[in-house]
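Engineer: Generate a structure from the sequence data that follows.
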Amino acid sequence: MDRKIRVGAVSYLNTLPLIYGFKDKALQNEMDLIEAYPAHIAGMLISNEIDVGLVPVAVMPKLKEAHIISKYCIGASSPVTSVCLFSDVPIEEVKEVMVDYQSRTSAALLKILLQKYWKQQPLLIDTQSGYEDTFGGHTAALIIGDRALQQRQHSNYIYDLAEAWMQMTGLPFVFAAWVANKQLPESFITRFDEATGLGLQHIDEIVKATSYPIYNLHTYFTKNIDYRLDAKKLEGLNLFLEML
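Structural biologist: As a prediction, this is how the structure comes out:
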């Protein structure tokens, strides 16, 4: 490839360990890093504005080519805490759900869980920025990422989507993976994979450098998010894609 490889990453706290290794100078010479929220990165990958992105896995069937190029992901094999349905009332009493515009995977997972696990049929409402300040009563909200960690302090009922998925399937869940929309050079993939795993050896350092009083980031990075894309997570990923 005669230009820099365009890499899209998610501008959430949970991405910090995955992009820590991108400070590597040799890698910086090979790639341009763009940060945005998950659905925006997914749109850029579909429209070929980037070559690889940390994208919601629900977007993979929409790509002409989808190559997972890293052994690291945003996954969960216990409650994830940052992808939740928040409500003032129990789920059986929810009439509407405002759905986070920032992630396609979380929205798709919510639909599957409502249908197959909770067996509820609330009206789903598309949202725009600021919606998380407007729900209440019998209207619940799906909120993801850093805003979900903040919302945990305010809601009576919190339904963790990763936890519900695991109770339903017995498998962990993959929210986002490093996906390329074309064949990339093997040498780049090797260096990229090493770099994106490097932060997992520097969690203490990343936590120390990040001021976030709302939630314990060490717990978040080591207990809630499970970054390794192992065989069980791939099994969970494939089951989710089948259910789509």
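Engineer: other SSEs contacting the lowest-mean-pLDDT helix or strand in the chain?
Structural biologist: Least confident helix or strand of the chain, by mean pLDDT, DSSP states H and E, is helix 25-30 with a mean of 88. On a contact count with 3 or more Cβ pairs under 8 Å, 6 or more residues apart in numbering; DSSP states H and E, helix 25-30 meets helix 186-198. Using the backbone N, CA and C atoms, a C-beta is placed for each residue, glycine as well.
Engineer: Just the CA trace of the least confident helix or strand of the chain, in CSV.
Structural biologist: This file holds the C-alpha atoms of helix 25-30, laid out as CSV (Å, rounded to 0.1, in the frame of the first residue of the first chain):
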residue,chain,number,x,y,z
LYS,A,25,7.0,5.5,16.1
ALA,A,26,7.4,2.9,13.4
LEU,A,27,3.6,2.2,13.5
GLN,A,28,2.8,5.9,13.5
ASN,A,29,4.8,6.1,10.2
GLU,A,30,2.5,3.5,8.7
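Engineer: List the contacts of it.
Structural biologist: Contact partners of helix 25-30, identified using Cβ atoms under 8 Å, 6 or more residues apart in numbering, comprise Lys4, Ile5, Gly21, Phe22, Phe188, Arg191, Phe192, Ala195.
Engineer: pLDDT weak spots in this protein?
Structural biologist: 1 (pLDDT under 70).
Engineer: what about the longest strand in it?
Structural biologist: Counting by DSSP state E, the longest strand found in the chain is strand 67-76.
Engineer: Quick check: buried residues in that strand?
Structural biologist: Ile68, Ile69, Ser70, Tyr72, Cys73, Ile74, Gly75, Ala76 (16 or more other Cβ atoms under 10 Å).
Engineer: Give me the sheet partners of the next helix or strand after it and which way each runs.
Structural biologist: Sequence-wise, the next helix or strand downstream of strand 67-76 (DSSP states H and E) is strand 83-87. Counting by DSSP bridges, the strands paired with strand 83-87 are strand 139-144 (antiparallel), strand 157-160 (antiparallel).
Engineer: okay, the helix or strand following strand 83-87 in PDB with CA atoms only?
Structural biologist: Where DSSP H and E defines the elements, the next helix or strand beyond strand 83-87 is strand 96-99. The C-alpha trace of strand 96-99 is given here as PDB (Å, rounded to 0.1, in the frame of the first residue of the first chain):
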ATOM      1  CA  GLU A  96     -40.600   2.500  25.100                       C
ATOM      2  CA  VAL A  97     -36.800   2.300  24.900                       C
ATOM      3  CA  MET A  98     -34.700   5.200  23.600                       C
ATOM      4  CA  VAL A  99     -31.900   3.400  21.700                       C
END
